[in-house]
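>>> can't give you the sequence, but here's the structure:
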């Protein structure tokens with residue numbers, strides 16, 4: 001998942017993106033720093049006293065991250081040029097932008113050039129012309145933290161994060177009991193289907209069954225219960241343990257961030273949930289890598305296996321958006 005934070009210089013991209021990275025746990029990449037590190041420049045602009053970035057080269061680097069299933073925030077005034085799942089364009093009142101420009105030590109010409117670019121909505125229009133999924137947020141009078149919190153709420157609305165805990169609406173409970181992916185009666189059939197990617201097991205029963213059959217999942221998300229009753233079944237594997245809280249009937253930020261951290265961690269890794277882990281399927285699919293598998297149990301029906309790809313991500317993102325819109 002690539003989330004691009006764009007906007008005219010002076011709209012607060014860098015500081016608010018850093019804060020958003022802290023809130024979400026997502027890696028932040030400054031495209032200018034990436035260009036410096038990779039030597040992706042085409043020359044020097046003598047009028048603006050800055051390097052000219054190689055946009056095609058940077059697009060190639062971001063495509064590599066996207067293809068590898070990395071979950072990152074990218075920021076720059078040209079971040080909307082990148083292949084992103086969502087582009088957030090930050091906007092600022094021209095008067096405040098002039099003030100920020102003076103505080104940054106910009107000269108008159110640079111300040112007015114940026115003010116004009118903001119008035120003409122250049123970043124927003126370029127993003128829309130590129131066909132990007134584009135949203136804009138006004139940072140006028142906002143601190144970096146306030147701007148980051150607005151972006152985090154927007155990510156929740158877009159089905160890409162949980163900022164405030166989300167309660168599962170009663171009308172969706174029956175829908176969520178239906179199998180997503182392929183349903184298998186036994187472990188042999190399920191295991192035969194899961195080839196070529198890591199396995200993320202959600203639930204003690206799914207994790208224990210896989211491990212007992214000789215297949216240890218790369219990520220095991222457990223809550224110490226089977227059918228909401230305490231279980232003595234334990235997955236005896238040496239691995240890093242990440243702990244989080246998630247209330248029954250909710251999806252919490254704590255669990256979402258923990259699953260994201262597990263996906264970035266050297267495998268195997270166990271995520272121990274205090275509360276209930278059922279809804280961890282949602283972040284597991286949305287944050288997992290292409291060709292990985294999420295497996296979970298359905299009461300008396302067997303094991304459900306979801307292969308992560310663009311299609312299943314779209315399905316689960318729509319589900320997350322429906323939950324978010326009901327709050």
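Sure thing, it's come through. This one's a predicted model, so the numbers in the text were calculated from it and none came from an experiment.

>>> and this protein, what are its domains?
For the chain, automatic domain parsing gives the domain ranges 2-157, 170-325.

>>> can you put these in TSV and add mean neighbour count and distance to residue 163?
All C-beta spots, glycine's among them, are computed from the backbone N, C-alpha and C. As requested, the domains of the chain are arranged in TSV below (neighbours: other Cβ atoms under 10 Å; distance: least, Cβ to Cβ, whole Å):
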stretch	mean neighbour count	distance to residue 163
domain 2-157	18	4
domain 170-325	18	6
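
>>> now the ones you listed in TSV, with mean pLDDT?
TSV is the format used below for the domains of the chain (pLDDT from 0 to 100):
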stretch	mean pLDDT
domain 2-157	93
domain 170-325	91
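
>>> can the ones you listed go into CSV with extra columns for distance to residue 164?
Formatted as CSV, the domains of the chain follow (distance: least, Cβ to Cβ, whole Å):
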stretch, distance to residue 164
domain 2-157, 7
domain 170-325, 7
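
>>> Residue 164 is in contact with residue 155, isn't it?
No - with contact defined as Cβ atoms under 8 Å, residue 164 does not count as touching residue 155 (11.4 Å).

>>> Would you mind stating the distance between residue 217 and residue 248?
Residue 217 sits at a distance of 23 Å from residue 248 (criterion: Cβ to Cβ, to the nearest Å).

>>> Check residue 105 too.
Separation of residue 105 from residue 248 (Cβ to Cβ) stands at 53 Å.

>>> need the helices for the stretch 1-150 of the chain, in chain order.
Secondary structure of the stretch 1-150 of the chain (DSSP state H, counting those that start in this stretch): helices at 13-24, 31-38, 55-67, 94-104, 108-119, 122-129, 144-157.

>>> Show me the one of the ones you listed that comes nearest residue 196.
Closest of the helices of the stretch 1-150 of the chain to residue 196 is helix 55-67, at 15.1 Å (criterion: Cβ to Cβ).

>>> That closest one vs helix 31-38, what angle?
Orientation note: helix 55-67 sits at an angle of 100 degrees relative to helix 31-38 (axes from the mean of the first three to the mean of the last three Cα atoms, to 10 degrees).

>>> outside of helix 55-67, which residues touch it?
Residues outside helix 55-67 that contact it (Cβ atoms under 8 Å, 6 or more residues apart in numbering): 2, 29, 31, 34-35, 38, 40, 72, 74, 78, 81-84, 290.
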